[in-house]
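Novice: Provide a 3D model corresponding to the input given below.
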Amino acid sequence: MIKFQTYRLRHFAFPLLLAILLIIAISTFLYGIIVHLNIQSIPDWLMQIIIPCILGGIAIQRVYPRLLNRFEFRLPSYFSTLPKLVLYLLMMGMSLVVIHYSAKSIRYNFGKTLYVKSVNDLQPHEQPYFLEMGDWYADRLRVIPLNTYEMTGLFTKKVQLRSLFVMPVFSRNTAYRTKAKAWLAVDYKKIVSETEFKSNQGRDFYEESLSHFRKINVREYLYLEQYPNNKFYRIYLNLVQTHSYFQSGYAYIYKGQNIHRDTLSLYYATVTSVILLLACFPVSLLISLLFQPLKEK
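Specialist: Numbering: from 1, shown residues only. Take a look at the predicted model:
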């Protein structure tokens with residue numbers, strides 16, 4: 001029995017785990033290069049989803065035939081395409097989760113940080129991942145608010161509520177005499193049931209968000225972090241372009257951060273390690289149970 005399980009480990013679980021690790025290693029290495037070179041024209045979803053999926057397709061074409069030399073799927077033969085699909089989906093599920101957290105660690109560790117004395121020192125079309133400034137001022141009285149909602153949930157109907165606030169960032173010395181050189185975004189989100197949403201259209205949440213926004217002290221932020229390039233970033237971009245203090249070339253949209261980058265990098269690196277140790281290896285073993293050797297060794 002022990003010899004049989006060793007055979008399963010050596011010839012199935014370990015090759016599968018190695019394929020997963022290679023997908024993760026190549027994807028995070030490429031993402032690290034992009035972050036280090038500060039190439040922001042390449043979207044994160046391409047580096048963290050599309051490329052890993054392509055690598056996974058290549059891996060499954062290479063790994064799967066070799067596994068079939070020694071193993072066969074436990075289900076009946078008319079599930080002919082299922083074994084490869086099962087392996088691919090499970091491989092990519094684990095790989096994408098690990099890549100997501102490792103990419104965050106890489107971003108906080110290697111992302112470009114710009115140090116300037118004043119927000120006025122920012123140059124057009126220069127947007128680092130992180131920004132630390134001595135002289136800056138965000139005016140909450142000139143904020144642009146926006147409330148949104150969208151349906152979510154696969155099995156139960158849920159509504160995701162969001163309150164978005166974006167405000168101009170000036171130098172304290174030249175506030176309102178110049179256009180904004182950056183923009184500070186603050187958002188809140190909450191998921192509620194469809195019934196709860198229909199009762200008040202999310203007004204309670206929007207009022208709570210506005211109340212909290214009025215109380216925040218933006219000067220407590222240690223640094224500003226580039227807002228993720230997602231659909232809400234594009235919403236913010238459209239909002240700031242309608243603001244009277246907007247000027248072309250300075251559509252820098254940031255969010256405030258009060259946790260040190262080293263701490264965040266270490267946190268996400270730890271999460272990555274925990275997932276690898278407590279999820280990827282055990283799941284590889286569980287996947288191997290779906291297959292059985294052509295003959296016991």
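
Novice: Every contact and neighbour count from this point should use C-alpha atoms.
Specialist: Noted.

Novice: what element comes up after the lowest-mean-pLDDT helix or strand in the chain heading to the C-terminus?
Specialist: None of the helices or strands of the chain scores lower by mean pLDDT, DSSP states H and E than strand 71-73, at a mean of 54. Using DSSP states H and E, the helix or strand that follows strand 71-73 towards the C-terminus is helix 82-110.

Novice: so what secondary structure elements neighbour that following helix?
Specialist: With contacts taken as 3 or more CA pairs under 8 Å, 6 or more residues apart in numbering; DSSP states H and E, helix 82-110 sits against helix 14-36, helix 51-68, helix 261-275.

Novice: Can you lay out the ones you listed as a markdown table showing mean neighbour count?
Specialist: Formatted as a markdown table, those follow (neighbours: other CA atoms under 10 Å):
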| stretch | mean neighbour count |
| --- | --- |
| helix 14-36 | 19 |
| helix 51-68 | 17 |
| helix 261-275 | 16 |
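
Novice: Where among the ones you listed is average confidence lowest?
Specialist: Ranked by mean pLDDT, those bottom out at helix 51-68, with a mean of 78.

Novice: Quick test: name the residue nearest the centre of this protein.
Specialist: Geometric centre of the chain, nearest residue: residue 100, 5.6 Å, by CA atoms, centre = their mean.

Novice: Give me the distance between the residue lying closest to that one once chain neighbours are set aside and residue 104.
Specialist: Nearest residue to residue 100 in three dimensions, chain neighbours excluded: residue 48, at 6.6 Å (CA to CA, 6 or more residues apart in numbering). With distances taken as CA to CA, to the nearest Å, residue 48 is found 11 Å from residue 104.

Novice: Looking at those two, which has the bigger crowd around it?
Specialist: residue 48 (23 against 19; other CA atoms under 10 Å).

Novice: Which secondary structure state does the more buried one sit in?
Specialist: helix (DSSP: H, G, I helix; E, B strand; the rest coil).

Novice: so who does it touch?
Specialist: Listed by CA atoms under 8 Å, 6 or more residues apart in numbering, the contact set of residue 48 reads 27, 31, 96, 99, 100, 103.

Novice: at 10 Å what do you get?
Specialist: Applying CA atoms under 10 Å, 6 or more residues apart in numbering to residue 48 gives the contacts 24, 27-28, 30-31, 95-100, 102-103.

Novice: Run through the residues that contact residue 246.
Specialist: Residues counted as contacts of residue 246 (CA under 10 Å, 6+ apart) are 168, 178, 179, 180, 181, 182, 183, 239, 240.

Novice: Would you mind giving the residues you listed as CSV with pLDDT and secondary structure added?
Specialist: Formatted as CSV, these follow (pLDDT from 0 to 100; DSSP: H, G, I helix; E, B strand; the rest coil):
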residue, pLDDT, secondary structure
168, 92, strand
178, 82, coil
179, 87, coil
180, 88, coil
181, 87, coil
182, 90, strand
183, 92, strand
239, 90, helix
240, 90, helix
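
Novice: Most neighbours among these, please name it.
Specialist: residue 168 (29 neighbours).

Novice: Assess the claim that it and residue 242 are in contact.
Specialist: No - the pair formed by residue 168 and residue 242 falls short of the contact definition of CA atoms under 10 Å, at 11.8 Å.

Novice: Can you pull the residues that touch both of those two?
Specialist: residue 144.

Novice: Strands of the stretch 101-250 of the chain, start to end?
Specialist: Ranges of strands within the stretch 101-250 of the chain are 113-118, 130-135, 137-138, 144-152, 158-170, 182-193, 223-226, based on DSSP state E, counting those that start in this stretch.

Novice: Let's have those strands in JSON lines, adding distance to residue 212.
Specialist: JSON lines is the format used below for those (distance: least, CA to CA, whole Å):
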{"stretch": "strand 113-118", "distance to residue 212": "27"}
{"stretch": "strand 130-135", "distance to residue 212": "24"}
{"stretch": "strand 137-138", "distance to residue 212": "16"}
{"stretch": "strand 144-152", "distance to residue 212": "13"}
{"stretch": "strand 158-170", "distance to residue 212": "11"}
{"stretch": "strand 182-193", "distance to residue 212": "10"}
{"stretch": "strand 223-226", "distance to residue 212": "19"}
